[in-house]
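Visitor: kindly return the folded structure for what I paste below:
(one chain, ligands or ions: 1)
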Amino acid sequence: MKRTLRQHDLEAYLDEALPAEEMAEIEKQLRRDPALLERLSAVNARRDSGVHTLSEIWRRRRASCPDRREWAAYLLGTLDAAARRYMEIHVREVGCRFCQANLRDLQAQSEEDGTAEESRRRRFFESGVGHLRPRP
Ligand SMILES: [Zn+2]
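Guide: Numbers count the residues shown, from 1 in each chain. You can find the predicted model right below:
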């Protein structure tokens, strides 16, 4: 769903006052469209927020990244569909490198935990089987 963004859309984006899907959609358009980014910057510069550069806008946007705890919940599959969808758009389509790195890190960590757990289980199982195996 590509639509022309109006000033009030950009204002709402800066206020983070839009539904998650729309926030992600606008973010995606901003990354592709330098002219739109210029407009966002202009809207932002007219405000009294004191935030005037694009890099500051992006830094501020970072605040809307899901945190590590939320990514962990994502990996465990305990989030609702809307939250999952937003997070998937955020890393896959928007391509937030910060969250991609976070997610990779958590995945590696949980795989390590899984491997350790697996080998503990295997050792336990093997020792049990060793006991039960009939002697030749
Ligand atoms: Zn992010």
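Visitor: backbone dihedrals for Pro66, please?
Guide: Listed backbone geometry of Pro66 is phi -60, psi 140, with angles given as degrees, to the nearest 10.
Visitor: that one: what's it in contact with?
Guide: 74, 86-87, 90, 99 (CB atoms under 8 Å, 6 or more residues apart in numbering). C-beta: built from backbone N, CA, C; applies to glycine.
Visitor: near the ion, from the residues you listed?
Guide: Cys99 (CB under 5 Å from the ion).
Visitor: from Ala17, how far out is Glu112?
Guide: Plainly put, Glu112 is 40 Å away from Ala17 if you go by CB to CB, to the nearest Å.
Visitor: Ala24 too?
Guide: Applying CB to CB to Ala24 and Ala17 gives a distance of 14 Å.
Visitor: the two: which is more packed in?
Guide: Ala24 (21 against 10; other CB atoms under 10 Å).
Visitor: now name the helix or strand holding the more buried one.
Guide: Element membership for Ala24, per DSSP states H and E: helix 20-32.
Visitor: now do the very next helix or strand once past that helix, average pLDDT.
Guide: The helix or strand immediately downstream of helix 20-32 is helix 34-45, counting by DSSP H and E. The average pLDDT for helix 34-45 rounds to 84.
Visitor: with just CA atoms, put helix 34-45 into PDB.
Guide: In PDB, the C-alpha atoms belonging to helix 34-45 read as follows (Å, rounded to 0.1, in the frame of the first residue of the first chain):
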ATOM      1  CA  PRO A  34      15.300  11.100  -0.200                       C
ATOM      2  CA  ALA A  35      12.800  13.800  -1.200                       C
ATOM      3  CA  LEU A  36      10.400  12.500   1.400                       C
ATOM      4  CA  LEU A  37      13.100  12.500   4.000                       C
ATOM      5  CA  GLU A  38      13.800  16.100   3.100                       C
ATOM      6  CA  ARG A  39      10.100  16.900   3.700                       C
ATOM      7  CA  LEU A  40      10.200  15.100   7.000                       C
ATOM      8  CA  SER A  41      13.200  17.100   8.000                       C
ATOM      9  CA  ALA A  42      11.500  20.300   7.000                       C
ATOM     10  CA  VAL A  43       8.400  19.400   9.000                       C
ATOM     11  CA  ASN A  44      10.600  18.600  11.900                       C
ATOM     12  CA  ALA A  45      12.700  21.700  11.600                       C
END
